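**Student:** here is my input, please return the structure:
(2 chains, ligands or ions: 1)
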Amino acid sequence: MTILILADHDGHSLNDATARAVSAARYMGDAIHILVAGENVGPVAQAAAHVSGVDKVLVADDPTLAHLLAEPVAELLIELSKDYTAVIAAATSIGKDILPRVAARRDVMQVSDITRVIAADTFERPIYAGNAIETVKSSDAFKVVTIRSSAFDASPQTTTAAPEENISLPSKAWKAHFVSEELTKSERPELTSARIVISGGRGLGSAQAFQTVLTPLAERLHAAIGASRAAVDAGYAPNDLQVGQTGKIVAPELYLAIGISGAIQHLAGMKDSKVIVAINKDPDAPIFNVADFGLVGDLFTVVPELVNILG
Amino acid sequence: MKKILVPIKMVLDANMRPRVKTDGSGIDLSGMKLSINPFCEIAVEEAVRLKEKGLAEEIIVISIGTAKAQDVLRQAMAMGADRARLIETDQPIEPLTAAKLIRFVAEEEKPDLIILGKQAVDDDCNQTGQMLAALLDWPQATFASALKMEADTLHVTREVDGGHQTLAMPLPAVVTTDLRLNEPRHCSLPNIMKARKKALDITPVSVCGVNIETRLNVLNVKSPEPRKPGRRVADANELVTELRTAGVI
Ligand SMILES: Cc1cc2nc3c(=O)[nH]c(=O)nc-3n(C[C@H](O)[C@H](O)[C@H](O)COP(=O)(O)OP(=O)(O)OC[C@H]3O[C@@H](n4cnc5c(N)ncnc54)[C@H](O)[C@@H]3O)c2cc1C
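**Tutor:** Below you'll find the model as predicted:
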């Protein structure tokens, strides 16, 4: 009953979502191996080796794997998968891209975005933008599962490192090639692992206001910044800040929704936050239905007031 | 390219609130408005735009489902698809099965490009496109927010967790759409009328040679735990006091 986890990383550091996947995997099997694929991924492999619960790290270091493109990584996982009972990954843009390829080639039905492990073959997962939770039991002998990171705590760091083993990539002509990437640079903490998230919506009215109103508050609270789809579509915020059914799923200690109406697709990405605050000038905005603390008011006065009080 | 295949799914309209059946067996769709999945609509729109730019000759839409799914196929043809195929079944179809059925059609139609939604807003699985690409051994570009042809090479910009990534690939390929790829057009009445005359071919699922038995057994569907009711605060001062008391700041 050994589980193989695909590590999520950006080439330099291990994404905390991987340590959360390790927590989920502990309910599914008795040994856990992590595959770190990429180019010059020594430091990432080291980090993976120090996640508690990890028994072995497989390292596939190859220029072809540099951007974790679906074809080569899936091929590698398919080859390795024969020695495992399950392949799992965090439901990040990397995990979501790659794992269904593995599932199809192994002829198993993937279980996507699980929020709870009930047994090694039985899982809970949200459907309909989180408006319902289904419990599914997989009849496939081999399992392919993606994990909703916000539903699991990260497995802690240990001082003793798990052993590493180098493996090589099957040689094949890959069809898709990496051309370029534009990654958003931000001073703010990472959205999906931050303790406090401040999200802005269409109510901010402009890209400039999005920055000048939200950033001082985020700095006071050491918070990450998120956005509604309407704010991203309008160009107030970059796409990687979108929270919701089709964006990122977050569950911080504190979530502030500012100038966000509370459409179900937005709620899908944040309603498991511990404490929710809504600031909106419309007293009937649906966001108030999920807010622990609701403040009816103009965000352009309320937010600067908050900044003042927090000093 | 000659042909684009666009698989589409009919789902509970994204503006409807799903009702969980009291016996825990699923979602009650009776009397509810069903529509084309928003991501599929974006896929149809993108195919039509490629054709309008002279980059494609024919667009075939395909859906898997009951006779009712003809509605979304007609809508796609009103948007500009040339003909439609329905793989008819009244059984629930999982993404893996959908991918196999679409492969069956792709092997008949031999498209150069398959564009489909990244996820359906009912089961939220986000799997079918990737599975299809794997079964066909084609390259894939998921979560597309921009698409262009450069000579014979397809360039796709993808929305990824850190920002954007651009990939290049030869055809045939599979692309899955994200929300910001385009804004689908509204169908004009003349186009809706014209769509009624376009060919819609129905194939019973039984002739596709695909075992449609489900692999995931749904044991229960329930409503999520409701949140504790919250309360209104009068001003910023009271909010900060409450948050300090709650220990979150
Ligand atoms: C398939 C699909 C997927 C989707 N996925 C997502 C997703 O992942 N994430 C997401 O967020 N949305 C998603 N949406 C969109 C969603 O349905 C809503 O359209 C969107 O969340 C609305 O964003 P908003 O709340 O910022 O804008 P609006 O709904 O326009 O709300 C703006 C709010 O700001 C308030 N406001 C305005 N001015 C002020 C002021 N000065 N002070 C205080 N309050 C003010 C208004 O009262 C209003 O409540 C999706 C939709 C579809 C169909």
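
**Student:** can you show me the strands along the stretch 101-250 of chain A?
**Tutor:** A:111-114, A:116-119, A:122-127, A:132-138, A:143-147, A:164-166, A:177-183, A:196-200, A:224-227 (DSSP state E, counting those that start in this stretch).

**Student:** residue contacts, residue 209?
**Tutor:** All of this refers to chain A. Shown in contact with A:Ala209 (CB atoms under 8 Å, 6 or more residues apart in numbering or on different chains): A:Tyr236, A:Phe300. Glycine gets a C-beta too; all of them are placed from N, C-alpha and C.

**Student:** chain B is the one I meant
**Tutor:** B:Phe104.

**Student:** turn the strands of the stretch 101-250 of chain A into TSV, including mean pLDDT and mean neighbour count.
**Tutor:** Putting these into TSV (pLDDT from 0 to 100; neighbours: other CB atoms under 10 Å in any protein chain shown) gives the following:
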stretch	mean pLDDT	mean neighbour count
strand A:111-114	98	26
strand A:116-119	98	15
strand A:122-127	98	22
strand A:132-138	98	20
strand A:143-147	98	28
strand A:164-166	98	13
strand A:177-183	97	14
strand A:196-200	98	28
strand A:224-227	98	28
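
**Student:** what mean pLDDT does stretch A:297-311 have?
**Tutor:** For stretch A:297-311, mean pLDDT rounds to 97.

**Student:** ranges for the strands of chain B?
**Tutor:** B:3-8, B:10-12, B:34-36, B:58-65, B:83-88, B:113-117, B:140-150, B:153-160, B:163-170, B:173-177, B:200-204, B:216-222, B:231-232 (DSSP state E).

**Student:** which strands and helices sit next to the last one?
**Tutor:** To tie it back to what came earlier, the one meant is strand B:231-232. strand A:293-296 (3 or more CB pairs under 8 Å, 6 or more residues apart in numbering or on different chains; DSSP states H and E).

**Student:** tell me the helix or strand right after the strand it packs on.
**Tutor:** As assigned by DSSP states H and E, the chain's next helix or strand after strand A:293-296 is helix A:299-310.

**Student:** how far off strand A:196-200 does that following helix point, in degrees?
**Tutor:** 160 degrees (axes from the mean of the first three to the mean of the last three CA atoms, to 10 degrees).

**Student:** need the strands of the stretch 101-250 of chain A in JSON lines (columns: distance to chain B).
**Tutor:** Shown next, in JSON lines, are those (distance: least, CB to the nearest CB, whole Å):
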{"stretch": "strand A:111-114", "distance to chain B": "5"}
{"stretch": "strand A:116-119", "distance to chain B": "9"}
{"stretch": "strand A:122-127", "distance to chain B": "5"}
{"stretch": "strand A:132-138", "distance to chain B": "4"}
{"stretch": "strand A:143-147", "distance to chain B": "8"}
{"stretch": "strand A:164-166", "distance to chain B": "26"}
{"stretch": "strand A:177-183", "distance to chain B": "4"}
{"stretch": "strand A:196-200", "distance to chain B": "7"}
{"stretch": "strand A:224-227", "distance to chain B": "13"}
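
**Student:** and residue 52, what does it touch?
**Tutor:** As the question left the chain open, I've gone with chain A. A:Val22, A:Ser155, A:Pro156, A:Gln157, A:Thr158.

**Student:** nope, chain B
**Tutor:** Contacts of B:Glu52 (CB under 8 Å, 6+ apart): B:Gly80.

**Student:** hang on, the earlier thing: nearest to B:Leu243, out of the strands of chain B?
**Tutor:** Among the strands of chain B, strand B:231-232 comes nearest to B:Leu243, with 12.9 Å by CB to CB.
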